[in-house]
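> After the sequence you'll find the predicted model.
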Amino acid sequence: MRVMITGINGFVGKYLAKELLEYGYTVSGIGMGRFELCDNQYRDINILDKNILKQAVEELNPDLVFHLAGNASVSRSWTDPKASFDANVVGTINLLESLNGRDIKSIIIVSSSEIYGPGKLFGERFAESMPPNPQNPYATSKYAAERIALQLGQMYKLPIINTRPFNHIGVSQSEGFVVPDFARQIIEASKGDGIIRVGRLDVYRDFTDVRDIVRAYRLLAEKGLAGETYNICSGEGRKISDILQLMCTEYDDLAVQLDEKKIRPSENIYAVGDNSKIKSAVGWEPSYAIEDSLREVLNEWKNRM
């Protein structure tokens with residue numbers, strides 16, 4: 001079966017391509033910038049260019065589509081909210097218009113847990129049935145992309161499945177996310193001034209290894225129900241200070257200092273998901289221990305610096 005991944009040359013896209021190739025799929029993709037993919041199955045295009053996107057879809061002729069392309073930065077969405085809406089909403093519209101009239105078995109739309117906003121009760125897990133309450137431009141754009149995907153999917157008779165992944169971790173994740181930022185700082189501080197500069201450490205997040213995330217995408221494409229929305233998460237809340245402590249096990253002489261510039265204008269204190277729906281639907285559950293995932297990221301940065 002032929003698969004097309006938008007944003008294939010991003011952090012998650014590369015892992016997803018590997019997962020699908022291992023399961024015998026023919027993988028193609030689009031992205032921005034160079035990317036090595038065999039058999040001329042990659043197209044360097046911007047999804048905001050409707051005509052070139054439509055041509056690429058016709059050439060790649062997919063049976064399954066995984067839509068990962070977009071703007072994934074909360075912090076950048078505050079400085080340039082229009083860019084988030086262009087990439088996440090207009091890009092999704094362009095993709096679905098290019099797929100209109102094609103025989104597609106499943107379309108996985110990658111949204112975000114950020115759409116839930118702040119929890120009402122400490123310790124309460126977000127379930128798919130809870131009303132969204134996005135608190136930043138990125139989250140608002142992802143929720144808008146979810147809604148327009150379902151609406152256009154219904155109009156064009158396309159099998160849309162929305163996914164809401166919680167925090168990803170894994171080797172090769174770019175800076176701007178908490179775990180790689182911690183890893184870089186830990187290595188730098190151990191060789192320099194011994195200080196790690198951080199934002200809020202009292203918030204709770206739900207971390208899942210990226211390899212488990214992409215396995216969930218594959219299983220949902222194979223077994224998920226069109227029109228449904230699925231959380232992808234561990235279901236376990238971890239305080240950011242505990243994540244930092246786990247990563248600093250070998251570096252107990254480092255000091256931690258609050259950096260006001262790292263604090264967001266608004267912050268969800270407890271963002272943990274309920275994964276019972278995806279477990280029941282496709283039999284998915286996380287398989288990688290967070291301690292191992294964090295160790296791998298830290299080792300990556302040791303080797304880099």
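Looks like it came in fine.

> In a strand, residue 48, correct?
No: judged by DSSP: H, G, I helix; E, B strand; the rest coil, residue 48 forms no part of a strand; its state is coil.

> Number of residues surrounding residue 90?
When neighbours are counted by other Cβ atoms under 10 Å, residue 90 registers 17. Any C-beta I mention is one placed from the backbone N, CA and C, and that applies to glycine too.

> could you pull out the helices for this structure?
When assigned using DSSP state H, the helices of the chain occupy the ranges 11-22, 50-60, 74-79, 81-85, 91-99, 137-156, 178-191, 210-223, 240-247, 276-282, 290-304.

> Compare those helices and say which comes out lowest on pLDDT.
Set side by side, the helices of the chain differ in mean pLDDT, and helix 74-79 is lowest with a mean of 90.

> Send me it as PDB with only the CA atoms.
This file holds the C-alpha atoms of helix 74-79, laid out as PDB (Å, rounded to 0.1, in the frame of the first residue of the first chain):
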ATOM      1  CA  VAL A  74       4.000  27.200  20.900                       C
ATOM      2  CA  SER A  75       6.600  29.900  21.500                       C
ATOM      3  CA  ARG A  76       6.900  31.000  17.900                       C
ATOM      4  CA  SER A  77       3.100  31.100  17.600                       C
ATOM      5  CA  TRP A  78       3.100  34.000  20.100                       C
ATOM      6  CA  THR A  79       5.500  36.000  18.000                       C
END
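
> Check which helices and strands that helix sits against.
Applying 3 or more Cβ pairs under 8 Å, 6 or more residues apart in numbering; DSSP states H and E, one finds that helix 74-79 contacts helix 81-85, helix 137-156.

> For that helix, list every residue counted as buried.
Judged by neighbour count using 16 or more other Cβ atoms under 10 Å, the buried positions of helix 74-79 are 74, 77.

> How about residues contacting that helix?
71, 83, 84, 114, 136, 137, 138, 139, 141, 176, 264, 265 (Cβ atoms under 8 Å, 6 or more residues apart in numbering).

> cool, stretch 80-89 as well?
The set of residues external to stretch 80-89 that reach it, using Cβ under 8 Å, 6+ apart, is 47-48, 69-71, 76-77, 137-138, 141-142, 144-145, 148.

> Between these, which sits nearest residue 29?
The shortest approach to residue 29 among these belongs to residue 69, at 9.3 Å (Cβ to Cβ).

> For the closest one, grab the count of nearby residues.
Neighbours around residue 69, by other Cβ under 10 Å: 28.

> cool, and residue 24?
Neighbour tally, residue 24, other Cβ under 10 Å: 7.
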